[in-house]
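[1] Pasting the sequence and the predicted coordinates here, then a few questions.
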Amino acid sequence: MELQIVTFRWLEQKFDSCPQRDVKVVIEDMNARIGREELYTPVIGPNSLHTVTNDNGQ
């Protein structure tokens with residue numbers, strides 16, 4: 001299984017094991033590039049440094 005998939009499954013399990021009322025914050029550079037595609041506008045607006053999203057940003 002690809003390391004990226006294993007990592008995100010592990011992270012999802014950790015989130016799911018926390019009480020829902022807890023605030024969860026993940027701080028990590030996962031080499032994600034979020035582009036300026038219309039899909040991400042509600043989340044980041046025009047504030048992306050990249051024009052195209054890479055595989056880690058999806």
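    Noted; the coordinates are in hand. As the structure is a computational prediction, the values presented were derived from the model and not from experiment.
[2] can we go C-alpha only for contacts and neighbour counts from here?
    Noted.
[3] can you map out the helices along this structure?
    Along the chain, the stretches classed as helices by DSSP state H are 3-17, 41-44.
[4] got these as CSV, with mean pLDDT and mean neighbour count columns?
    Shown next, in CSV, are these (pLDDT from 0 to 100; neighbours: other C-alpha atoms under 10 Å):
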stretch, mean pLDDT, mean neighbour count
helix 3-17, 87, 11
helix 41-44, 72, 10
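[5] Let's have those in CSV, adding distance to residue 26.
    Formatted as CSV, the helices of the chain follow (distance: least, C-alpha to C-alpha, whole Å):
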stretch, distance to residue 26
helix 3-17, 9
helix 41-44, 16
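[6] quick one, which of these is nearest to residue 51?
    helix 41-44 (12.0 Å; C-alpha to C-alpha).
[7] circling back to that earlier point, tell me which of the helices of the chain sits nearest to residue 24.
    Judging the helices of the chain by C-alpha to C-alpha, what sits closest to residue 24 is helix 3-17, at 7.4 Å.
[8] got the contact list for that closest one?
    residue 24 (C-alpha atoms under 8 Å, 6 or more residues apart in numbering).
[9] re earlier: nearest to residue 25, out of the helices of the chain?
    Comparison of the helices of the chain against residue 25 by C-alpha to C-alpha identifies helix 3-17 as nearest, at 9.6 Å.
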